[in-house]
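K.L.:
next one to model:
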Amino acid sequence: MPSADELQDEIDALNAQITKQGSLVRELKKQSSSNAEDIASAVEQLKKLKIEAETLRKQKEVADPTKAFNRKVFDELILRKMFIVPSFEIHGGVKGLFDLGPPACALKAAMVDVWRKHFVLAESMLEMECTCLTPEVVLKTSGHVERFTDLMVKDPVSGECFRADKLLEDVIDELLEANPDMPNEEREEHLRVQRQADAFSPAELDEQLAKYGCKAPSGEPYGSSFPFNLMFKTSIGPEGTSVGYLRPETAQGLFVNFRRLLDANSQKMPFAAAQIGLGFRNEIAPRSGLLRVREFCMGEIEHFVNPDDKSHPNFSSVADKELVLFGRDDQLGSGKTKTISIGKAVATGLVNNETLGYFMARTQLFMERIGMDPARLRFRQHLTTEMAHYACDCWDLEIQSSYGWVECVGHADRACYDLDVHGKATKTPMVATLKLDEAREVEVAKLKFDRKALGKTFKADQRVVSGALETLAENWTDFEPIATALETEGKATVDGFEIAKDMVSWTKTTKKVHEIKFTPSVIEPSFGMGRILYSLLEHCFYQRDADEQRCVMKFKPAVAPQKCAVLPISSGDEVNAVVDEIAAELMDSDMATRVDKSTASLGRRYARADEIGVPFAVTVDFDTLADGTVTLRERDSTTQIRLPKADVTRVVFDFVHGRLTWEEATAKYPVVQVKED
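P.N.:
Below you'll find the predicted structure:
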C-alpha cells in the first residue's frame, strides 16, 4: 500500500484535475451555445474525479490513522460543555441557527478583541456600526437583489418550501436505489437529468418533477417553480410599502458612508474603514455546523486606495512573511501549493498589488496570534471563472478542518465597482482628491452644449446629462470612447442616457491641474467570524496520549474563555479563604477565573478545566497556609511550578499578554511533581 505522503501527492494531482474540470463545467453552463450532452459529459467526468479523490483520502486515513479527527468525541465535548448548542432546542430547533454557550461566547469576544487590536487599532482604521436592516434600493444597486436566488417549489397544502433542483436530484437517487437491476442505458439517462438539475429553467424543472412523480409531503404535486431570494425580506414601517432586507454583508454600510468617512479622515488617502457585526442569509440547506448558517458574525475591512497607486506604506514590515499560496496556475496544473514570501509573490505578479498582499500577510499573522495551526492554513487564488467581472484579484484564506478546506477570509481587490454603482445610482460623487506637488498638464475635452437640443430630449434631466459629460471631459482618456462613438455612430450612451452628436461639440486640449480627482479602488478583507471560531475549536481540540477520554482545548491564553482556575486541595475554611483572595485579584486584573471547590479529585478538576481550555490552574494546599506559596499548573505540559501567591496575578497576566513564556517561568520558579490522579 502506498505511504500517506505518496497518497497525498496523488490527491494533489487529482485536485488539480477537479479544479480544471469544475472550471470547464462552469464555462459550459454559462455559454448559451453549449448543448446538454457536452455539459452532461463534463459533469460526469467531474463526478468520477471527485469519487476517485475521496477514495484516496480514505486510503490515506488508513495509512496514517494518527491524523484522523475524532468528530464523535469532539461533537460530544462541544455540546456537553455548551460551547455551541442548537437554538430553541426544546422546541425542536431550527436548522442553520445556533447559540453560543458561555465558553464559546467568551472565546468569540476574546477573538474579536484581538481582531480589533490587530487591525482597527494597529492600522488606525475608522470603525463603524451600521444597521442590519437595509433598504431595498441599496441592495438593488449593489446587485444583491438579483444575485441571491435559487428556484423553489411549495407544498400547496402546508405552504412549506423546498429547493427544486435538490428535490429532483433526491427523487432520482431514490429511483436508482430502488431499482438496482435497471438497464445501464436507462440509468444513464436518469443520471443525465440529475446532473442538469441546477441548470434547468423553471418550466423545464416543473416538467421533470412531474415526469418523476415528485410529490409534496402532503401527497399533492408541488406548485410551480419560482425564484427564491436568499436574503431575509421584510418591510420598514407600519405601512408595509417600504421594502427592506436583513443585510447579507456588512460592507454596503461602509460604501454608502464613504464621503463622510473621507471627511472624518481629513480627506487623506488611502484609509481603511472597518465593521464587525451580523450578516444574514436564508440558507435553503444549512449544514456543517457553524460553517453554513443563517445568521453569522462578519468582520469586514474596506481599504480605499488610489487605483493608480496600490502600494502600502507598511508593506516592508510583512514582505518577508512566508505564506502558503495556491495560485490559479497551480490549481489547474500541479495541484501543489507554494510556500513563498509575500514580498516575492507581489514582485512576481502572483499577488496583484502590495495592499492586497499586505492584508493577506496580516491575516496570516492574526490567525497565528489566536492559535490557529499554521500548517492547516493556505491562500487560494480565485480562478478566472470564479471572479466577478470588475475584480482585479481575489485570494481566500482557507482553513483545513474535518470538513476539508473551508474559505474563512476573502481578500478581494474590488476595483472601483462599489463606489461607482452607488455614486451613479444616487448621483453622488464618490471621489477623492490627490494633491499634486507640482502642477501637471493633462489632456481634457472642452465641451460646448446645444442646450436647446438637450432640454428638448432630456427635459428635467438635462443638467444630469451635461454634468455626466463634464465629469468625463476632465480626462481625455475617459471621454475619448464617447467622442469616438459620437463620431462613428452619431450617438453614445452615458449613465443610461443616449446622447446624439448634435447635442454637444468638443475640442481636445490641455490644462494645468494642481489636483486630480479619482474614484478609489477598494481592497476588502472579509472575515467569517463563525467559521474562524469553529475552525479554532477543531484546531485546539486533542485527546491526551495516556488517556483518550481526557479531552483538551489548547486555546492560547490571549483568547482562552477563562485564563486561570483556582482550586483548593481541601474544603477547609482557611484554604477556601485563600482561594477566594487569589480569584478576586485575578478578576480585578480583568482575567476571567474559574473557581472549583467541588469534592471531586484534584485530577478530575484539572480535567474539567482542560476541557474548556483553561491554560493555567492555581492549587491552594496546606503548604500555602504555612509559607504562602501555591502551585501553578500549565495545561498542555501538565507541569507545575511553585511560587508565592503574591506573584500569581502578575505571572498569569504576563502569560496572557505574551510577556512571559512557560519556559521562562520554569527557569525562575522551582518545578514540582504533583500527581493528578
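
K.L.:
buried ones in stretch 70-86?
P.N.:
Across stretch 70-86, burial judged by 16 or more other CB atoms under 10 Å covers 74, 77-78, 81, 83-84. The way it works is simple: take the backbone N, C-alpha and C, and place the C-beta from them, glycine included.

K.L.:
can you confirm Lys452 is in a strand?
P.N.:
No. Applying DSSP: H, G, I helix; E, B strand; the rest coil, one finds Lys452 to be helix, outside a strand.

K.L.:
state the distance from it to Ala485.
P.N.:
Between Lys452 and Ala485 the distance, using CB to CB, to the nearest Å, works out to 22 Å.

K.L.:
okay, and which of the buried residues of stretch 70-86 map to strands?
P.N.:
Ile84 (DSSP state E).

K.L.:
tell me which of the buried residues of stretch 70-86 is nearest to His539?
P.N.:
Phe74 (11.2 Å; CB to CB).

K.L.:
number of nearby residues for the residue lying closest to the closest one once chain neighbours are set aside?
P.N.:
Nearest residue to Phe74, sequence neighbours excluded (CB to CB, 6 or more residues apart in numbering): Phe541, at 5.3 Å. By other CB atoms under 10 Å, the residues close to Phe541 number 21.

K.L.:
how far away is Phe541 from Glu239?
P.N.:
51 Å.

K.L.:
same question, Glu664
P.N.:
From Glu664 to Glu239 the distance is 66 Å (CB to CB).

K.L.:
tell me which of those two has more neighbours.
P.N.:
Taking other CB under 10 Å, Glu664 and Glu239 do not tie; Glu664 has more neighbours (12 against 7).

K.L.:
that one: which element?
P.N.:
Per DSSP states H and E, Glu664 falls inside helix 662-668.

K.L.:
average pLDDT for the following helix or strand past that helix?
P.N.:
Per DSSP H and E, helix 662-668 leads on to strand 671-672 as the next helix or strand towards the C-terminus. In this model, strand 671-672 has a mean pLDDT of 93.

K.L.:
stretch 331-347 too?
P.N.:
Stretch 331-347 comes out at a mean pLDDT of 91.

K.L.:
buried residues in it?
P.N.:
Applying 16+ other CB under 10 Å to stretch 331-347 flags 331-332, 335, 337-338, 340-343, 345-346 as buried.

K.L.:
would you turn the residues you listed into CSV with secondary structure and distance to Asp623?
P.N.:
Formatted as CSV, these follow (DSSP: H, G, I helix; E, B strand; the rest coil; distance: CB to CB, whole Å):
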residue, secondary structure, distance to Asp623
Gln331, helix, 61
Leu332, helix, 66
Gly335, coil, 59
Thr337, coil, 53
Lys338, strand, 56
Ile340, strand, 54
Ser341, strand, 52
Ile342, helix, 52
Gly343, helix, 54
Ala345, helix, 56
Val346, helix, 58
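
K.L.:
next, count neighbours for Thr134.
P.N.:
By other CB under 10 Å, neighbour count at Thr134 equals 24.

K.L.:
just Asp547 next, same as before
P.N.:
Counted with other CB under 10 Å, Asp547 comes out at 9.

K.L.:
next: Thr457.
P.N.:
Neighbour number of Thr457 under other CB under 10 Å is 15.

K.L.:
the more surrounded of Lys452 and Ala485?
P.N.:
Using other CB under 10 Å, the more surrounded residue of Lys452 and Ala485 is Ala485, with 16 against 10.

K.L.:
chain neighbours aside, what residue packs nearest to the more buried one?
P.N.:
Ala485 sits nearest to Ala492 (CB to CB, 6+ apart), 3.8 Å away.

K.L.:
that neighbour falls within a helix, correct?
P.N.:
No. The assignment for Ala492, made by three-state DSSP, is strand rather than a helix.

K.L.:
give me the low-pLDDT residue ranges for the stretch 301-450 of the chain?
P.N.:
389 (pLDDT under 70).

K.L.:
hey, where'd the strands end up in it?
P.N.:
322-326, 338-341, 377-381, 393-401, 404-413, 432-449 (DSSP state E, counting those that start in this stretch).

K.L.:
Val614: which of those is closest?
P.N.:
strand 393-401 (23.3 Å).

K.L.:
what's the closest one in contact with?
P.N.:
Strand 393-401 is contacted by residues 325-326, 351-353, 356, 360, 363-364, 367, 372, 376-382, 386-387, 405-413, 531-532, 534-535, 538-539 when judged by CB atoms under 8 Å, 6 or more residues apart in numbering.

K.L.:
repeat that with 6 Å
P.N.:
352, 360, 363, 376, 378-382, 387, 405-413, 535, 538 (CB atoms under 6 Å, 6 or more residues apart in numbering).

K.L.:
then stretch 43-61?
P.N.:
Taking CB under 6 Å, 6+ apart as the rule, stretch 43-61 contacts 4, 7, 10-11, 14, 17-18, 21-22, 25, 68, 195.

K.L.:
where does the spatially closest residue to Leu107 that is not a sequence neighbour land in three-state SS?
P.N.:
Spatial nearest neighbour of Leu107, chain neighbours left out: Pro561 (5.0 Å); criterion: CB to CB, 6+ apart. Three-state assignment for Pro561 (three-state DSSP): coil.

K.L.:
identify the residues contacting Pro561.
P.N.:
Here Pro561 is in contact with 103, 106-107 (CB under 6 Å, 6+ apart).
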